[in-house]
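1. Here's a sequence, model it:
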Amino acid sequence: MNSLTEKRLDYIDIARGIGIILVAFVHVQFGFTKIYIESFLMPLFFFISGFLSHHNTHKTNKSFISNRFKRLMYPYFLWSSILFLFWFLFDTHEGLVSYNLFGIVYASGGKQFMEWGIMLWFLPCLFLTETIHYLGLKYGNKYASVIILILSFTGFFISGKSVSYLTWSLNISLAMLLFYHIGFMVKIFSARITFRWHIISYSFRRSYSFSQHHIIMAKYLLTKDFSTTQFCT
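-> Now for the predicted structure:
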């Protein structure tokens with residue numbers, strides 16, 4: 001396996017921690033700083049997700065989509081159902097109950113749909129981004145990056161037209177494809193550099209060991225007295 005996937009990466013954990021702290025900071029509503037933090041916060045999370053993706057471990061579309069659905073959407077539906085139940089039983093119901101029940105499936109993040117847990121919009125959105133990216137790489141071949149770029153700008157365009165609440169935040173998932181793909185490409189580039197460094201390091205160690213053996217042999221030959229009498233019977 002690639003060394004990047006065999007162990008936890010400290011700098012990724014640090015980036016995640018910083019992102020989580022900034023999410024809390026944004027929701028406290030600290031004035032103008034909120035605008036600047038939000039401008040890179042979601043791209044940061046999608047970049048990290050792309051960097052940690054494991055597309056090559058799945059041979060079929062079904063395998064990949066099933067795996068991501070279990071890891072992202074099972075927790076989403078579980079916690080959205082629990083939160084909706086608590087909201088229905090104990091909250092004041094500022095939004096329509098029918099809208100919020102529908103919101104479990106619609107999963108757009110709008111308050112009228114997800115008053116019980118707006119923060120969960122990220123999971124379906126990430127699932128869409130990962131699925132679209134996987135299919136784009138698989139079927140786009142050498143044009144995959146171009147296709148992903150076009151889809152990402154399409155997402156930005158749709159978002160700019162104030163279409164705020166598409167199913168599973170489709171417009172945001174498309175827009176974030178760009179940052180997810182950048183993270184994915186950085187991972188591949190890093191893996192190649194790491195692999196090449198291991199090859200160079202291994203070659204150097206083998207060459208050094210080989211040269212040491214030759215030096216020892218040369219010293220032995222120089223210090224050994226090979227007189228002709230030794231070879232006489």
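
2. Where does pLDDT dip in this protein?
-> Per-residue confidence for the chain (pLDDT under 70) gives these ranges: 1-9, 11-13, 15-16, 19-39, 93-95, 162-164, 191-233.

3. What number of residues are in the vicinity of F64?
-> Neighbour count for F64, taken as other Cβ atoms under 10 Å: 20. Placement of C-beta: from N, CA and C, glycine included.

4. Would you mind listing the residues in contact with it?
-> By Cβ atoms under 8 Å, 6 or more residues apart in numbering, the contact list for F64 reads 55, 58, 131, 134.

5. For the third one, which non-adjacent residue is spatially closest?
-> In space, T131 comes closest to I65 once its chain neighbours are excluded; the distance is 5.9 Å by Cβ to Cβ, 6 or more residues apart in numbering.

6. any idea which element the one you found lies in?
-> helix 61-68 (DSSP states H and E).

7. How about L128: what's its closest non-neighbour residue?
-> In this structure, L128 finds its nearest non-sequential neighbour in S173, 3.8 Å apart by Cβ to Cβ, 6+ apart.

8. gap between the one you found and S80?
-> 17 Å (Cβ to Cβ, to the nearest Å).

9. Need the residues that contact stretch 133-151.
-> The contact list for stretch 133-151 (Cβ under 8 Å, 6+ apart) reads 50, 53, 55, 58, 61, 64-65, 132, 174, 177-178, 180-181, 184-185.

10. now do the same end-to-end measure for that stretch.
-> Taking Cα to Cα, to the nearest Å as the measure, stretch 133-151 stretches 10 Å from start to finish.

11. what does stretch 101-119 give?
-> End-to-end distance for stretch 101-119, by Cα to Cα: 16 Å.

12. buried set for it?
-> Buried residues in stretch 101-119, counted by 16 or more other Cβ atoms under 10 Å: 103-104, 106-110, 113-117.

13. Equivalent analysis for stretch 171-186, please.
-> 171-184.

14. ditto for stretch 149-167
-> 151-152, 155, 158-159, 165-166.

15. now do stretch 74-87
-> Of the residues in stretch 74-87, 76-77, 80, 83-84, 87 count as buried by neighbour count, 16+ other Cβ under 10 Å.

16. can you list the residues you listed in a markdown table and add secondary structure and distance to L41?
-> Compiled in a markdown table, the buried residues of stretch 74-87 are given as follows (DSSP: H, G, I helix; E, B strand; the rest coil; distance: Cβ to Cβ, whole Å):
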| residue | secondary structure | distance to L41 |
| --- | --- | --- |
| Y76 | helix | 20 |
| F77 | helix | 25 |
| S80 | helix | 22 |
| L83 | helix | 22 |
| F84 | helix | 26 |
| W87 | helix | 26 |
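
17. Turn these into TSV, columns for distance to I18.
-> Supplementary listing: those in TSV, determined by distance: Cβ to Cβ, whole Å:
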residue	distance to I18
Y76	24
F77	29
S80	27
L83	26
F84	31
W87	31
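
18. between the residues you listed, which is closest to F46?
-> When the buried residues of stretch 74-87 are ranked by distance to F46 (Cβ to Cβ), Y76 comes first, at 16.8 Å.

19. Next, the contact list for that closest one, please.
-> Residues touching Y76, when contacts are defined by Cβ under 8 Å, 6+ apart, comprise 107, 120, 123-124.

20. K161 now?
-> K161 makes contact with no residue under the criterion Cβ under 8 Å, 6+ apart.

21. Let me know the distance separating it from S53.
-> Summarising the geometry, the distance separating K161 from S53, computed by Cβ to Cβ, is 29 Å.
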